[in-house]
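> Just the structure for this:
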Amino acid sequence: MNKIGNSIFGKISGPVGSVLLHVAIAFVLLKMLVFKAPEQESAIDVRVVEEQVRELDPVEKKSEKAEGAEALEAPSELADKLPPDDSVQDSMLESELDLSGLDAVAEMESPLVMKGLMAGRSVGGRNKLLREFGGKHGGEAEKAVVRGLDWLQAAQCENGSWGVGKSKSMTAKQERARLTGLALLAYLAHGETPQSEDYGETAQRAIQYLLNEQDEKTGRFCPFSKTIGSHDDIGVYGHAIATYALAEAYGLTHAPMLKQPLERGVRVILDGQQDGGGWDHRYQHEKWSDLSVSGWQVQALKAAQAANPNIQGLEEALQKSVLFAQGMHEGGGKFFYRVGNKKPSGGLDYMTGAAVLCMQLAGRGDTPEVKAGLGYLRDKECTDWDAGWEKTGKNKSFNIAYEWYYNTQAIFQKGGSKWSSWNNKFAPMLIGAQDASGAWKPPSEAAAKISKDIIYTTTFCTLSLEVYYRILPSFKKVETPSAPFAFDDDVKIVVY
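Okay, the predicted model is just below:
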């Protein structure tokens, strides 16, 4: 029996063992060949480290321009005609131009939004907006701008600044910071950066000058008077305008070397703001506030917000500035020049333009004070060249180009038929007043080749004629993009 059982077991165990062995091998092979997708999404940890650069890359110095070289020609098709003034009802206060999203950039997460904000500063963007807003004067206005930039380029000092003389006094340094910032703003408004072919070196040297002048401890771009209660220290203008220019330079280039200097400059302005929302001279937190001073602080903060909205405190400061501007309303659309020492506007219409512009830039163009100010400007004519200098000639602290700069921007941002009628007087007046050299010279300086007043006036007139593409494209409403399409198994990247 044992022999028979063993024989049967041997005959059965051989095939069964073989089958079991093959099943085991097949199972192992199946496990090796079949891949089971992970249940969790893959994540890649990317850490971005921003390179810190202290100096701009050197640019080969351009050869001097040949004498008699012709100015850059603007496209002839820019001379599209506007309808006659009397054929359009003046609807300035009910304009269809929508600027309700002035601070929409602060809500955008991607720095790529800067492309849209600065679109008007490309050649194509400028031409498009000149045709749209410049009307029949757009082409000639652009030629005048280029002549002004050429003159400023020739007037630039070896150290990259603008000014007259080599004085190292506090006042001279304050003046250079102010003039250099204004001139740099004129080039940036035209889309000129250190990489530009014609004006790259000019812009680079100006930027480098401001960086060299900034005190790393205080963040200031020029020294300030130590006199307590000083009402006439222009350092607060120089610092704000220099900060404004660096903010736009950073917005156009995103050069890492500009980020920290810009943040330091902005911090000075934020720390200097009064509880009431305004600013005084030297950021002293005095009991008086100055609208002229405050206007430059607001412009600098708005440009900084557009370039780097992550700087803490910008939005809060801008909204506080609206409360200040509202409190400066004298009544009937007029605004005080300074409060605290009871100084009214004194017939200076640019106070209205400055206040209105500040509130517009802060995204509060709907306030009653803005509407009153625009109503006041609606009934105003653009001041003529000769009449303007007579108007401010007795007060050497003011320049009529200041009025053109502010009022033109305020009216342009609102738009409507008032802009058409204003532009039809403002543009040909400034174009016709330009000197053959490319500068704009106050009558008292007509015989001079260069002076600080000529530089000052030329920068303001150039900036005023750049209004078609300088301001609106930078602060117009930005549409929030819809959520991007994604597959369920897309790899997500987390950036710290």
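> helix or strand for Glu248, which one?
Per DSSP states H and E, Glu248 falls inside helix 235-253.
> relative to helix 235-253, how tilted is the next helix or strand after that helix?
For helix 235-253, the succeeding helix or strand toward the C-terminus, using DSSP H and E, is helix 256-272. With axes from the mean of the first three to the mean of the last three Cα atoms, to 10 degrees as the basis, helix 256-272 and helix 235-253 are set at 140 degrees to each other.
> by contact count, what packs against helix 256-272?
Contact analysis of helix 256-272 by 3 or more Cβ pairs under 8 Å, 6 or more residues apart in numbering; DSSP states H and E lists helix 200-213, helix 235-253, helix 291-307, helix 314-327 as its packing neighbours. Using the backbone N, CA and C atoms, a C-beta is placed for each residue, glycine as well.
> Which among those helices is found nearest to Gly138?
When those are ranked by proximity to Gly138, the top entry is helix 235-253, at 22.3 Å, counting by Cβ to Cβ.
> Output the helices and strands packed on helix 256-272 in a markdown table, with mean pLDDT appended to each entry.
Output for the helices and strands packed on helix 256-272, formatted as a markdown table (pLDDT from 0 to 100):
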| stretch | mean pLDDT |
| --- | --- |
| helix 200-213 | 98 |
| helix 235-253 | 96 |
| helix 291-307 | 95 |
| helix 314-327 | 96 |
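> now those in TSV, with mean neighbour count and distance to Tyr456?
Below are the helices and strands packed on helix 256-272 laid out as TSV (neighbours: other Cβ atoms under 10 Å; distance: least, Cβ to Cβ, whole Å):
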stretch	mean neighbour count	distance to Tyr456
helix 200-213	21	16
helix 235-253	27	11
helix 291-307	26	14
helix 314-327	20	24
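> can you tell me which of these comes nearest to Gln273?
helix 314-327 (5.6 Å).
> what's in contact with the closest one?
Outside helix 314-327, the residues within contact range by Cβ atoms under 8 Å, 6 or more residues apart in numbering are 103, 106, 266, 269-270, 273-274, 276-278, 289, 291, 294, 297-298, 301-302, 304-305, 335, 339, 355, 358-359, 361-364, 367, 369.
> and the residues you listed, which are buried?
When neighbours are counted using 16 or more other Cβ atoms under 10 Å, the contacts of helix 314-327 contain these buried positions: 103, 266, 269-270, 273-274, 277-278, 289, 291, 294, 297-298, 301-302, 304-305, 335, 339, 355, 358-359, 361-364, 367, 369.
> Could you list the low-pLDDT ranges of the chain?
Residues of the chain that meet the criterion pLDDT under 70 lie in 1-119, 228-232, 341-347, 394-397, 472-496.
> mind listing the strands in it by residue range?
Using DSSP state E, the strands assigned to the chain run over residues 43-46, 289-290, 329-331, 334-335, 338-339, 492-495.
> quick one, helices of the stretch 351-496 of the chain?
Taking DSSP state H, counting those that start in this stretch as the criterion, the stretch 351-496 of the chain carries its helices at 368-378, 385-392, 400-414, 417-433, 452-465, 467-470, 472-475.
> now, of those, which is deepest in the fold?
Burial of the helices of the stretch 351-496 of the chain is given as mean neighbour count (mean count of other Cβ atoms under 10 Å); helix 467-470 ranks first at a mean of 26.
> what are the C-alpha coordinates of that one, in CSV please?
Below are the C-alpha coordinates for helix 467-470, written out as CSV (Å, rounded to 0.1, in the frame of the first residue of the first chain):
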residue,chain,number,x,y,z
VAL,A,467,0.7,112.4,-21.0
TYR,A,468,-1.0,110.5,-23.9
TYR,A,469,0.9,107.3,-23.1
ARG,A,470,2.6,107.9,-19.7
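> Not counting that helix itself, show me its contacts.
Residues external to helix 467-470 that are found in contact with it (Cβ under 8 Å, 6+ apart): 120-121, 125-126, 129-130, 132-134, 138, 141, 189, 408-409, 412, 463.
> for the residues you listed, which one is nearest Ala439?
Lowest distance from Ala439 to the contacts of helix 467-470 (Cβ to Cβ) belongs to Leu463, with 14.0 Å.
> Just confirm that closest one contacts Leu182, I think it does.
Yes: checked against Cβ atoms under 8 Å, the pair Leu463 and Leu182 is within contact range at 7.2 Å.
> List phi and psi for Ala255.
Backbone geometry at Ala255, expressed as degrees, to the nearest 10, gives phi -70, psi 120.
> For it, grab the count of nearby residues.
Under the neighbour criterion other Cβ atoms under 10 Å, Ala255 is assigned a count of 15.
> Thanks a lot, catch you later.
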